[in-house]
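>>> Kindly generate the corresponding structure for this input.
(chains A and B)
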Amino acid sequence: EPEVTQTPSHQVTQMGQEVILRCVPISNHLYFYWYRQILGQKVEFLVSFYNNEISEKSEIFDDQFSVERPDGSNFTLKIRSTKLEDSAMYFCASYRSNLAYTFGSGTRLTVV
Amino acid sequence: AQSVTQPDIHITVSEGASLELRCNYSYGATPYLFWYVQSPGQGLQLLLKYFSGDTLVQGIKGFEAEFKRSQSSFNLRKPSVHWSDAAEYFCAVGALQGAQKLVFGQGTRLTINP
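Sure thing, here's the model as predicted:
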């Protein structure tokens, strides 16, 4: 069964550093998403991406965040200057049709 | 805007007992409803989803859920739980327009007593 692949599985970074989280969505999917889950809390929507542009973003997705689909296969989330409160599990998801959302296994980001 | 409430933060049941996890949603139109399971440190696995048709939906691992429009509920059930069912369970709602974002509930942590 096709999978959404996320790398790395765990990343530790110093406060103020830039991080890039990577995702390879399912190849024929058209819609891409990032969600995050702070430890012990619910999964929260960050941003959706379609046709090479952001289609919706939440209030969490401020100017420190950006997304890109640089080469037609990867989908990245960049955090420019990480803060302690950015520590969370970040999930990538992709969607084509028929309510078939597929989530990746997540990247655990720890900001120290 | 959509919202999801899972009233039970933590539930403990004995192995072999029946299970019902509650989910209430708020959405102005016909919702798309989902249940996901998350084992510790793992990603989100889809258990089942509801779009239309039969209000009783069968999923993987022996789970089922019933959509009740009058109660705005989509409760998850399993007749007999196994120790491996211990996990976090999330209910989510999506908008009618297919590829919209999912809005998740707070989750219910399920503990199984041997």
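>>> Please look at residue A:86 and residue A:108 and confirm they touch.
No: proximity of residue A:86 to residue A:108 does not meet the contact threshold set by C-beta atoms under 8 Å, at 11.7 Å. C-betas here are computed from N, CA, C, even on glycine.
>>> Which of those two has more residues huddled nearby?
Neighbours of residue A:86 and residue A:108, each counted by other C-beta atoms under 10 Å in any protein chain shown, are more numerous for residue A:86; the result is 20 against 17.
>>> what's the spacing between the more buried one and residue A:11?
When C-beta to C-beta, to the nearest Å is the yardstick, residue A:86 and residue A:11 sit 11 Å from each other.
>>> Give the intersection of the neighbour lists for these two.
Common contacts of residue A:86 and residue A:11, defined by C-beta atoms under 8 Å, 6 or more residues apart in numbering or on different chains, comprise residue A:109.
>>> how about the residues of chain B near chain A?
If contact is defined as C-beta under 8 Å from any C-beta of the partner chain, the residues of chain B in contact with chain A are B:32, B:34, B:36, B:41-46, B:49, B:51, B:90, B:92, B:94, B:98-107.
>>> Please enumerate the helices of chain B.
Taking DSSP state H as the criterion, chain B carries no helices.
>>> ChimeraX command to pick out the buried ones of the residues of chain B next to chain A?
Restricted to buried positions by 16 or more other C-beta atoms under 10 Å in any protein chain shown, the ChimeraX selection for the residues of chain B next to chain A reads:
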select /B:32,34,36,43,44,46,49,51,90,92,94,99,100,101,102,103,104,105,106,107
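>>> Return the per-residue confidence for the residue lying farthest from the centre of chain A.
Taking C-alpha atoms, centre = their mean, the residue of chain A most remote from its mean C-alpha position is residue A:98, at 21.9 Å. Model confidence at residue A:98, expressed as pLDDT, equals 73.
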